[in-house]
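K.L.:
Just to be clear, the model below is a prediction. Sequence and coordinates:
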Amino acid sequence: MGCGAIEMKRQFGLPESITAVLNRLEKAGYPSYVVGGAVRDSLAGRQPHDYDVCTAALPQQVEAIFADQHVIETGLQHGTVTVLSEGQPIEVTTFRTEGNYSDGRRPDTVQFVTNITDDLARRDFTVNAMAYSPQRGLCDPFGGQVDLQRKRLRCVGNPDTRLQEDALRILRALRFAAQRGYMIEPQTAQALHRNKEKLAQVSAERMTDELLQIICGAHAGAVMMEYADIIAEILPELTPMIGFAQHNPYHKYDVWEHSVRAMESIRSDPLMRLTMLFHDCGKPGTFSMDERGIGHFYGHPVLSQEITEQAARHLRLPVQMERKLLYLVRHHDTPLGTTVRSVRRKLAVHGEETFRDLLAVKKADCIGQGTTPQNMTELLEIEAMLEQILLEQSCLTRKDLAVNGNDLQAWGISGPSIGRYLSEMLNRVLDDPSCNTKEQLYEIFQQFQDRRGSIELTVNGMSAGCCVRQVKHLLEGIPSVTQVDVALDSGLVKIYGQKIPLEQVQDTLTAAGFEVAI
């Protein structure tokens, strides 16, 4: 055995279970190889996640060769059986060629062959069309190893044919580019654009799985910019963002490029990446320009949430992930406070995990704007205040109050009023944590009793001065309300009047897209 062969054996380092299967097939007279992703990853210096074996033996012959072991007829019509070797399931597939793909996913027919090259010719990309045998070495008839070394992605044979066989290969190509930084060679790239409509044949679950891997890739930004038309094919809700100029001094890029840059700037997590991709999708639908030629997007977080909900429906995201996504998109522009007092109140509204997520969203949004680095300093100051508040173990929920419902019952309160009094006490304690003693809360309770002409609420969802004006206008329209004071920074709303109808207040704000959080 030559030095090159020894080095290649060392490079592949096949598990004993795989070697055992290959050796037994070879001993029976059937050329056999490890194929596909395991070969690609081994040559790239990566540890393969799994191994697939292909062989000249027919499925019935494989079953006979491994008659003393447990064999599962996984997919006989496609030539695949699963052998349990060393306790590990190993898929063994007969060399084959394939007929037409009438459904754009699976071949209508397969024909078994004895030549490994014929088998490799049906595969998607050259880097996946390599096979390795400890006895025969590397089989690379289409130049996959050179493409791998050059980090180049190229279809095997005619790219249109390969992509039309299974349209998911279009997204798979983008995934390789996004995750591993592969350059898609020009003919393959042109075919990706040319065949994008074929993605309509692919199930939502398969597309979503690929999409989430694409957007979490280290090179996702470049891919999303170059192949925006393909992303829009599976997320048509984002189409209006592409090339939409913002005409705003706070934004250097159009809505699409801003969103992609922001997406790249947040941690590689599907939820957070989706948040940044969708956070401004409502901007084109809310755009207006003032007399100075400056663009504005009043109310875009609400429309962004609505558009995101529509997209999430056909992406079929997990319920919990969808709920979090919609919340983060809706509140991406809501202030998190600029003082310890207002940050404490926002922490009470969102909870620590969501507060940190929103802070990360705002940081990424700031980077994506490309114009206001000073905003990052403010966000870092908010983060420092957050850590200080958590260190102080401040009262952040009604459960943290020094009194509870039993205390209020003893003070003569019953029914729904108990919750209202506890919320008002919490609003007071969020402003001044030193008030959180039973004695001081009783004094506050008495003040509430003496002053029935006002209530305090914390309202979530106000992102700009226009929201403040809207909340004031809505609440002042309630007949018994005489005055409304709104603090955008903290979300604190003070309502003055006689016999203020709390349920009407809540219903009015909810109908307008706001939430009474406390």
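P.N.:
Cool, the structure landed. Numbers count the residues shown, from 1 in each chain.
K.L.:
quick one, strands of the stretch 251-400 of the chain?
P.N.:
288-289, 295-296 (DSSP state E, counting those that start in this stretch).
K.L.:
for the ones you listed, which one sits closest to residue 242?
P.N.:
With C-beta to C-beta as the measure, strand 295-296 is the member of those nearest residue 242 (16.4 Å). Every residue, glycine included, has its C-beta placed from N, CA and C.
K.L.:
Can you tell me which of the strands of the stretch 251-400 of the chain is packed in deepest?
P.N.:
strand 295-296 (a mean of 17; mean count of other C-beta atoms under 10 Å).
K.L.:
Need the contact partners of that strand.
P.N.:
Contact with strand 295-296 is made by 245-248, 287-290, as judged by C-beta atoms under 8 Å, 6 or more residues apart in numbering.
K.L.:
Switch the strands of the stretch 251-400 of the chain over to a markdown table; also include distance to residue 333.
P.N.:
Shown next, in a markdown table, are the strands of the stretch 251-400 of the chain (distance: least, C-beta to C-beta, whole Å):
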| stretch | distance to residue 333 |
| --- | --- |
| strand 288-289 | 16 |
| strand 295-296 | 13 |
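K.L.:
Show me the shaky parts of the stretch 201-350 of the chain.
P.N.:
Across the stretch 201-350 of the chain, nothing is flagged by pLDDT under 70.
K.L.:
What part of this structure, helix or strand, is modelled with the least confidence?
P.N.:
In the chain, the helix or strand scored least confidently by mean pLDDT, DSSP states H and E is helix 3-12, which has a mean of 57.
K.L.:
quick one on the thing from earlier: ok, and the most crowded of the contacts of strand 295-296?
P.N.:
residue 246 (22 neighbours; other C-beta atoms under 10 Å).
K.L.:
Grab the nearest non-local neighbour of that one.
P.N.:
In space, and not counting its chain neighbours, residue 246 is closest to residue 295: 5.2 Å by C-beta to C-beta, 6 or more residues apart in numbering.
K.L.:
same question, residue 404
P.N.:
Nearest to residue 404 is residue 422, by C-beta to C-beta, 6+ apart, at 7.7 Å.
K.L.:
Contacts only, for residue 445.
P.N.:
By C-beta under 8 Å, 6+ apart, the neighbours of residue 445 are 408, 411, 421, 425.
K.L.:
Kindly supply the ChimeraX command isolating those of those residues that are buried.
P.N.:
This is the ChimeraX syntax for the buried subset of these, where burial follows 16 or more other C-beta atoms under 10 Å:
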select :408,421,425
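K.L.:
The residue lying closest to residue 257 once chain neighbours are set aside: which element?
P.N.:
Using C-beta to C-beta, 6+ apart and skipping the chain neighbours, the partner closest in space to residue 257 is residue 225 (6.7 Å). Element membership for residue 225 (DSSP states H and E) is helix 220-226.
K.L.:
How far off centre is that helix?
P.N.:
16 Å (C-alpha atoms, centre = their mean, to the nearest Å).
K.L.:
Show the low-confidence segments of the stretch 1-150 of the chain, by residue range.
P.N.:
Applying pLDDT under 70 to the stretch 1-150 of the chain picks out residues 1-11, 102-105.
K.L.:
same thing but 50
P.N.:
Low-confidence segments of the stretch 1-150 of the chain (pLDDT under 50): 1-4.
K.L.:
Among the contacts of residue 445, pick out the one closest to residue 182, please.
P.N.:
Closest to residue 182, out of all of these and judged by C-beta to C-beta, is residue 425, at 59.0 Å.
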